[in-house]
Structure formats: C-alpha cells, structure tokens
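S.K.: Task: produce atomic coordinates for the following.
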Amino acid sequence: QVQLVESGGGLVQAGGSLRLSCTVSGSIFSINAMGWYRQAPGKERELVAAISSGVAIYYADPVKGRFTVARDNAKNMLYLQMNSLKPEDTAMYYCAAKSAMKGGIVNDYDYWGQGTQVTVSS
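M.R.: Below you'll find the model as predicted:
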C-alpha cells in the first residue's frame, strides 16, 4: 500500500503563489507516475499536472506556464508550485500515485491523498 498526505493549501489573493507538498510513504517502489488532481464544487475531478519517474511531464492547458510539478525521489516527496493564481484555481487539490505496473501518466491512478484546499480570492 501507498499513503499520500498533502499539505500547503490555504487562502491566497489572486496573483499570489502557493506550494503544495505530498509526502509519500509505504510501498514506494510500487509506484511510477504521480500527479496532482483538483476538484471544484460541482465539477468533476481533473488532472492538473503529472510526472513520471523518468522525464515525462503533463500539464493541463489552464495551468500551463503557471504551475510546476516536481518530485524528489530521495525524499519521497511530490510538489506543485502554483504561481499567478486565479479565482478559478480554487478547488480541493489531491495528490495521486499510479502503480508501476501501468503505463502512462494522465489517467488510471491507484492511490489518493485526502486533499488540501486551495482558495483564491479576487
């Protein structure tokens, strides 16, 4: 099993920045891709950014140029640096991990954290 715990959410004004962190524990050797999802009230959960254990990186169009995903395998951490935040970025943000048995980075995640709330005021 893999456990994921997010931190770093909060309230920020539009144009501000936040850095989300995800601490990974458990069977770390069993995961490959990791990602950040978000879900706003009344909307479906969507993939924001993802990163493989190699060089593959994905960003959703609405966050390209503003968000940066990174992972530190030595520290078992995943990060999401969010700059130039907009009110439409307000959502619960979830860390996710995918089994190493599966390929790709943009869907079919297996493990989920509890989420951290990000609220951007206008």
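
S.K.: got any ranges where the protein has weak pLDDT?
M.R.: For the chain, no stretch is flagged by pLDDT under 70.

S.K.: now the strands for it?
M.R.: Using DSSP state E, the strands of the chain run over 2-7, 10-13, 18-26, 31-39, 46-51, 57-59, 67-72, 77-82, 91-99, 111-112, 116-121.

S.K.: Restricting the selection to alpha carbons, write the fourth one to PDB.
M.R.: If I follow you right, that is strand 31-39. Taking Å, rounded to 0.1, in the frame of the first residue of the first chain, the C-alpha atoms of strand 31-39 are listed here in PDB:
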ATOM      1  CA  ILE A  31       4.600   3.400  -7.900                       C
ATOM      2  CA  ASN A  32       5.700   5.200 -11.100                       C
ATOM      3  CA  ALA A  33       3.700   8.200 -12.200                       C
ATOM      4  CA  MET A  34       2.500  10.800  -9.700                       C
ATOM      5  CA  GLY A  35       0.100  13.600 -10.200                       C
ATOM      6  CA  TRP A  36      -2.000  16.400  -8.800                       C
ATOM      7  CA  TYR A  37      -5.700  16.500  -9.400                       C
ATOM      8  CA  ARG A  38      -8.200  19.100  -8.300                       C
ATOM      9  CA  GLN A  39     -12.000  19.200  -7.800                       C
END
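
S.K.: That one packs against which elements?
M.R.: strand 18-26, strand 46-51, strand 67-72, strand 77-82, strand 91-99 (3 or more C-beta pairs under 8 Å, 6 or more residues apart in numbering; DSSP states H and E). For every residue, glycine as well, the C-beta is placed using N, CA and C.
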